[in-house]
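Asker: Coordinates for the following, if possible.
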Amino acid sequence: MTAPQRPDSVFAAVGGHATFTALVDAFYASVAEDEYLISMYPEGHELDGAKHRLQTFLEQYFGGPTTYQQERGHPRLRMRHNPYPVDTKAKEHWLHHMRKALDTVKLPPMYDNLMWDYFERAATAMINTPDPLDGRTRLDISAAQTTRQDGSTHE
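Answerer: Numbering: from 1, shown residues only. From the prediction side, this is the model:
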């Protein structure tokens, strides 16, 4: 049984369950067309479980029913995303699709800004993989940039 929504919540102010359904549906319709991002989903193009998890999480986060916590416990977002290589490119792809989804639901600017701010911060927090270094390691770059005592650079 879920708790009733708080009347003063973002969840209620933006239209409740119907708005979050539209947001998540638009997001995943876009993600399904992104070969880079969809490859990270263990179920591939079968997105019903991912949709449910994201929707219940977002509804709870923004003051709606606590269905997510009742079904899955504490969100532990970083832990849950740890098995997937989330780098800056993945973050940018995710944000691109979420921006498109927010534009689809056309929230009032105050709520759009509030939600977008959260999405940017959350996506950044999920990064768990260093960006590629074009075949070089950080040690290679560091060694190439060391300066000898005579002022010459060691390459």
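Asker: Point to the residue nearest the middle of the protein.
Answerer: Centroid check for the chain by C-alpha atoms, centre = their mean gives A123 as the closest residue, at 4.1 Å.
Asker: Dihedrals phi and psi, the closest residue to that one other than its chain neighbours?
Answerer: Distances taken as C-beta to C-beta, 6 or more residues apart in numbering place K91 nearest to A123, at 4.6 Å, with adjacent residues excluded. C-betas here are computed from N, CA, C, even on glycine. Dihedral pair for K91: phi -60, psi -50, per degrees, to the nearest 10.
Asker: what residues are up against K91?
Answerer: For K91, the residues meeting the contact criterion (C-beta atoms under 8 Å, 6 or more residues apart in numbering) are A123, T124, M126, I127.
Asker: Helix or strand: which one has T21?
Answerer: helix 17-31 (DSSP states H and E).
Asker: Tell me which residues are up against that helix.
Answerer: Helix 17-31 has contacts (C-beta under 8 Å, 6+ apart) with 11, 14, 37-38, 41, 47, 50-51, 54-55, 58-59, 62, 64, 94, 96-98, 100-102, 104-105, 107.
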